[in-house]
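quick one, what's the 3D model for this:
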Amino acid sequence: MEFKTRISKIENNDVTVRGEKLSNLVKKGNFSEAIFLLLSGRKASEQEAVLFEKILISVIDHGMGTTSSLTSRFVASGGNSLNTGVGAGILSIGDYHGGTIEKAMKQFYSWNEKKDEEVSLLIEDVINNKQVLYGFGHKVYKNDDPRVTVMLQEMKKIKFDSKFLKFKELVNKQFEKIKGKKIPLNIDGFIALLLCDFGFDYLLGKGIFIIGRTPGLVAQTYEELKYEKPVRRVGEEEIEYIKG
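Next up is the predicted model:
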């Protein structure tokens with residue numbers, strides 16, 4: 001049986017990862033840059049390295065109440081190991097939790113192939129037909145997502161020139177014209193814009209979220225195993241019985 005890979009190989013008593021010796025990556029000691037290399041096949045520029053690390057930090061944990069965190073905790077509370085709890089949390093990541101990055105990237109890449117005027121008309125059509133603008137809107141943040149605000153400030157500090165950020169303004173312009181109010185670019189949308197700037201394949205969207213969120217799931221699962229009683233259960237007062 002023959003297998004092919006572009007990722008890594010073992011030679012001369014060392015592992016070569018995307019053309020770089022693993023021993024050299026260890027000496028350099030930058031985890032996020034190693035991830036960038038592993039996924040993209042090239043070294044990150046200084047600006048890309050700074051922003052990519054901040055992307056991973058921005059999704060590390062969004063509270064105990066998220067789909068993935070609760071899933072990890074419930075599974076661990078059933079008497080399962082840490083890796084089982086973490087794995088369950090990862091498996092809960094889908095189109096509505098963590099998966100928006102992938103959909104938004106696909107959307108932005110599609111828009112980037114068109115003229116701005118065409119994109120504006122597309123956005124207008126999406127809004128009028130009450131379809132989804134991937135990467136925009138938030139249940140809590142109605143004007144600006146504070147995580148995006150911070151990331152924009154960091155981007156400005158290092159003078160990173162984004163070719164895809166223009167879509168934020170195009171969406172806002174059309175949304176305000178039609179709805180009379182703003183719609184915030186959420187953190188998933190911002191991450192998607194940056195990953196498009198980096199040239200990442202949209203298929204890696206969920207993967208980036210998984211890499212960033214896994215430390216949070218480890219922490220959530222560990223806390224459940226260490227401090228909570230087994231067999232977590234939803235209280236009856238939280239359940240509404242509906243007669244069929």
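
so what's the residue nearest the centre of the chain closest to, chain neighbours aside?
Nearest to the geometric centre of the chain sits residue 209, at 3.5 Å (CA atoms, centre = their mean). Closest residue in space to residue 209, ignoring its immediate chain neighbours: residue 98 at 4.1 Å, by CB to CB, 6 or more residues apart in numbering. (Each C-beta comes from the backbone N, C-alpha and C, glycine too.)

mind checking the longest helix of the chain?
helix 205-227 (DSSP state H).

residue 191 - how many residues pack around it?
For residue 191, the neighbour count with other CB atoms under 10 Å is 29.

show me where the chain has its strands.
Under the criterion DSSP state E, strands of the chain are mapped to 8-11, 14-17, 20-21.

reformat those strands as a markdown table; add mean pLDDT and mean neighbour count.
Output for the strands of the chain, formatted as a markdown table (pLDDT from 0 to 100; neighbours: other CB atoms under 10 Å):
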| stretch | mean pLDDT | mean neighbour count |
| --- | --- | --- |
| strand 8-11 | 94 | 10 |
| strand 14-17 | 95 | 15 |
| strand 20-21 | 95 | 15 |
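
how about the helices in this protein?
Shown for the chain, the helices assigned by DSSP H span residues 22-28, 31-40, 46-58, 67-77, 82-91, 100-112, 116-128, 146-157, 166-179, 187-198, 205-227.

thinking again about what came up before, need the strands of the chain in TSV (columns: distance to residue 222).
Listed next are the strands of the chain as TSV, based on distance: least, CB to CB, whole Å:
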stretch	distance to residue 222
strand 8-11	30
strand 14-17	29
strand 20-21	32
